[in-house]
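Q: model the following, please.
(one chain, ligands or ions: 2)
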Amino acid sequence: MFCFQCQETAGCSGCTVSGVCGKKPDVAAMQDLLVYVTKGLSAVTTELRFDGKEIEAYVNEMIIVNLFTTITNANFDKDSIIERIKNTLATKEELIRKVENREVLPEAALWKGTEADFEAKASRVGILSTENEDIRSLRELITYGLKGLAAYAKHAAALAHTDVEIDAFLQRALAATLDDSLSADQLTALTLETGSYGVKVMELLDKANTETYGNPEITKVNIGVGKNPGILVSGHDLRDLEMLLEQTQGTGVDVYTHSEMLPAHYYPAFKKYSNFIGNYGNAWWKQKEEFERFHGPILMTTNCIVPPKDSYKDRMYTTGAASYPGCTHIPGAIGEEKDFSAIIEQAKKCPAPEEIEHGEIVGGFAHAQVLALADKIVEAVKSGAIRKFVVMAGCDGRAKSRNYYTDFAKGLPKDTVILTAGCAKYKYNKLDLGDIGGIPRVLDAGQCNDSYSLAVIALKLKEVFELNDINELPIVYNIAWYEQKAVIVLLALLSLGVKNIHLGPTLPAFLSPNVAKILVDNFGISGIGTVEEDLKNLIG
Ligand code: SF4
Ligand code: SF3
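A: Ligands and ions are numbered 1, 2, ... in the order given. From the prediction side, this is the model:
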């Protein structure tokens with residue numbers, strides 16, 4: 001196997017024996033093949049669009065869910081991946097008949113193997129099948145950005161928000177990563193275009209979330225526990241959470257969020273459920289210890305799954321693109337009502353969660369809420385009470401080197417405010433960093449996709465301060481990444497013209513020296529140094 005798509009890749013170069021995440025070589029191979037056939041299907045749909053034909057919604061959905069399935073820590077279940085490959089090949093066979101000019105199609109679009117061929121084929125179509133390291137680097141950078149884009153498109157689709165333009169781009173760009181005639185310059189341009197569609201997809205998801213659940217508002221979230229048995233919901237899918245909350249009404253079972261589901265508490269629509277108790281635990285990587293102590297069932301709606309311990313495996317469930325062998329998968333396609341009764345019945349027989357923390361945390365600073373406070377914020381900037389905003393959005397992870405972010409947050413001067421989104425926040429959201437004239441020093445906008453809110457806030461401030469360039473704002477970027485959703489967030493920020501982003505704890509292994517140089521020369525991207533050095537460089 002060879003995989004280097006996440007920040008924790010072995011030796012900062014590539015997982016070759018087994019994934020640091022727990023992904024085994026046979027699963028990695030099927031994921032490689034799934035990406036390959038999805039690119040093949042995308043080449044077919046792109047050609048059909050070129051012929052003026054429309055692509056049906058189920059095909060667009062298949063492509064986004066396939067990509068989501070291959071995101072780090074989403075799906076460890078070989079059988080479900082094989083099923084997806086077969087369905088993708090069948091759909092592609094159906095569509096290819098309608099293509100007028102088949103000679104232009106790449107090999108991935110023409111290949112039609114059966115399950116017996118999958119393993120051999122997978123070994124020939126992985127990342128290393130592209131020999132030139134710069135072309136490989138750009139192809140993977142685009143592919144990972146598209147995986148993140150697909151994940152966000154899937155969440156929007158679950159709330160009946162789709163955009164044919166985004167689907168068409170996603171498929172065209174996927175197909176382009178198969179095209180040997182494209183130069184490094186053309187692929188670099190496509191990378192930036194991917195970022196601009198990243199902005200569009202996050203905007204679409206923001207619209208889907210806020211039209212369905214209202215605008216996030218300042219909210220105190222309980223981090224303690226109640227006395228009833230509970231279900232813990234993790235991942236990013238708000239629609240799954242909503243269905244579960246509906247189905248648990250009157251059952252005596254409480255619902256808690258974990259990791260990236262925390263921001264659900266900020267939406268007005270979820271406040272009406274009296275059994276929606278609070279947030280339990282921390283970022284994804286602490287789940288072994290926290291899931292054990294939760295005592296009740298856990299529903300993983302997306303990444304990040306840590307291979308479960310036997311002690312709680314029988315109460316861990318997956319749904320959507322997420323799956324883990326041996327854990328019950330709750331079926332239901334986009335738009336379908338899911339039946340969570342098995343989880344609720346199991347919960348009733350479980351003891352209440354064990355308290356691991358006590359108190360409250362504050363969040364809900366997405367764009368509408370922050371813009372409602374705009375006068376206060378602008379005044380604080382003008383008076384010098386706020387010297388700088390520090391965007392510390394992104395992912396958390398298990399590497400000890402990530403303690404840098406806790407130390408960095410602690411070391412920031414008291415006239416700075418952290419803007420955050422994504423599970424990176426757990427490195428500092430329980431520190432008592434105080435406030436500036438009533439404005440908390442950590443403003444949490446929500447999930448990683450809500451980094452979009454941070455961009456909206458920055459653009460609004462640029463307008464208020466009548467600046468020509470977003471980089472003239474008193475905002476600096478010190479972003480933590482782990483998986484591919486962070487890749488689309490990064491590309492989106494670059495497409496908006498944001499410069500001098502610090503990216504850590506290490507730079508992506510999939511950036512070849514030349515591609516890294518392009519990012520450094522054009523965007524001033526850099527890694528992180530020591531806390532002291534970076535505080536000095538970023539804050540002065
Ligand atoms: Fe390794 Fe990350 Fe790939 Fe898992 S997702 S196999 S940890 S590079
Ligand atoms: Fe976290 Fe996996 Fe990326 Fe959505 S849950 S930010 S790592």
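
Q: what helix or strand is D206 on?
A: Following DSSP states H and E, the helix or strand that holds D206 is helix 184-213.

Q: average pLDDT for that helix?
A: The average pLDDT within helix 184-213 is 98.

Q: now do the strands in the stretch 51-200 of the chain.
A: In the stretch 51-200 of the chain, no segments count as strands under DSSP state E, counting those that start in this stretch.

Q: so which residues on it come close to ligand 1?
A: T72 (CB under 6 Å from any ligand atom). Just so you know, the C-beta spots here come from the backbone N, C-alpha and C atoms, and that holds for glycine as well.

Q: for ligand 1, what is the nearest residue in the stretch 51-200 of the chain?
A: Per CB to the nearest ligand atom, T72 is where the stretch 51-200 of the chain lies closest to ligand 1, at 3.9 Å.

Q: tell me the pLDDT of that residue.
A: 98.

Q: so what's the residue count around it?
A: When neighbours are defined as other CB atoms under 10 Å, T72 has 27 of them.

Q: hang on, the earlier thing: show me what the helix holding D206 is packed up against.
A: helix 133-158, helix 164-176, helix 238-248, helix 451-464, helix 484-495, helix 513-523 (3 or more CB pairs under 8 Å, 6 or more residues apart in numbering; DSSP states H and E).

Q: following element in sequence after it, please.
A: Next helix or strand after helix 184-213 toward the C-terminus (DSSP H and E): strand 219-222.

Q: chain center to that next one: distance?
A: Its chain's C-alpha centre and that of strand 219-222 lie 23 Å apart, by CA atoms, centre = their mean, to the nearest Å.

Q: any chance of TSV for the helices and strands packed on helix 184-213, columns mean neighbour count and distance to A366?
A: Below are those laid out as TSV (neighbours: other CB atoms under 10 Å; distance: least, CB to CB, whole Å):
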stretch	mean neighbour count	distance to A366
helix 133-158	25	15
helix 164-176	21	21
helix 238-248	21	13
helix 451-464	21	4
helix 484-495	27	15
helix 513-523	15	26
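
Q: enumerate the residues of the stretch 401-540 of the chain near ligand 2.
A: Within reach of ligand 2 by CB under 6 Å from any ligand atom, the stretch 401-540 of the chain has these residues: 422-423, 447-448, 482-483, 485-486.

Q: select only the buried ones of those residues in PyMOL?
A: Applying 16 or more other CB atoms under 10 Å to these leaves a buried subset, and the PyMOL line that selects it is:
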select buried, resi 422+423+447+448+482+483+485+486
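
Q: what is the nearest of the residues of the stretch 401-540 of the chain next to ligand 2 to ligand 1?
A: Of all those, the one with the least separation from ligand 1 (CB to the nearest ligand atom) is E483, at 7.3 Å.

Q: could you measure from the closest residue to ligand 1 within the chain over to C6?
A: Using CB to the nearest ligand atom, the point where the chain gets nearest to ligand 1 is G19, with a distance of 2.7 Å. Using CB to CB, to the nearest Å, one obtains 9 Å as the distance from G19 to C6.

Q: the two: which is more packed in?
A: Remark: of G19 and C6, C6 carries more neighbours, 27 against 23, as counted by other CB under 10 Å.

Q: check which helix or strand covers the more buried one.
A: Residue-wise, C6 maps onto no helix or strand under DSSP H and E.

Q: I'd assumed Y317 was in contact with T328.
A: Yes - with contact defined as CB atoms under 8 Å, T328 and Y317 form a contacting pair (5.0 Å).

Q: which residues do those two both contact?
A: The contact sets of T328 and Y317 overlap at A342 (CB atoms under 8 Å, 6 or more residues apart in numbering).

Q: between these two, which is the more surrounded one?
A: Y317 (22 against 17).

Q: I'd say that one and P331 touch.
A: No - contact criterion CB under 8 Å: Y317 and P331 do not qualify, at 11.2 Å.

Q: for the residue nearest to F276 when sequence neighbours are not counted, list the residues it contacts.
A: Beyond its immediate neighbours in the sequence, the residue positioned closest to F276 (CB to CB, 6 or more residues apart in numbering) is V255, lying 5.2 Å away. If a contact means CB under 8 Å, 6+ apart, then V255 has 230-231, 233, 241, 244-245, 248, 273, 275-277 as its contacts.

Q: give me the three-state assignment for V255.
A: strand (DSSP: H, G, I helix; E, B strand; the rest coil).

Q: Y324 touches I305, doesn't it?
A: Yes - contact status for Y324 versus I305: in contact at 5.6 Å, counting by CB under 8 Å.

Q: which one of the residues in the stretch 51-200 of the chain is closest to ligand 2?
A: Distances from the stretch 51-200 of the chain to ligand 2, computed as CB to the nearest ligand atom, single out N73 as the nearest residue at 6.1 Å.

Q: for that residue, which non-adjacent residue is spatially closest?
A: Once chain neighbours are set aside, the closest to N73 by CB to CB, 6+ apart is C304, at 3.8 Å.

Q: one step back: could the helices and strands packed on helix 184-213 go into TSV alongside mean pLDDT and distance to Y477?
A: Rendered in TSV, the data for the helices and strands packed on helix 184-213 read as follows (pLDDT from 0 to 100; distance: least, CB to CB, whole Å):
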stretch	mean pLDDT	distance to Y477
helix 133-158	98	17
helix 164-176	98	25
helix 238-248	98	26
helix 451-464	96	9
helix 484-495	98	7
helix 513-523	97	11
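
Q: okay, these in CSV with distance to A264 next?
A: Written out in CSV, the entries for those read as follows (distance: least, CB to CB, whole Å):
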stretch, distance to A264
helix 133-158, 12
helix 164-176, 24
helix 238-248, 5
helix 451-464, 15
helix 484-495, 17
helix 513-523, 33
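
Q: among those, which comes closest to K400?
A: Set against K400 and scored by CB to CB, those come closest in helix 484-495, at 19.2 Å.

Q: picking that back up, from Y152, how far off is the residue of the stretch 51-200 of the chain closest to ligand 2?
A: Relative to Y152, N73 is positioned 16 Å away (criterion: CB to CB).
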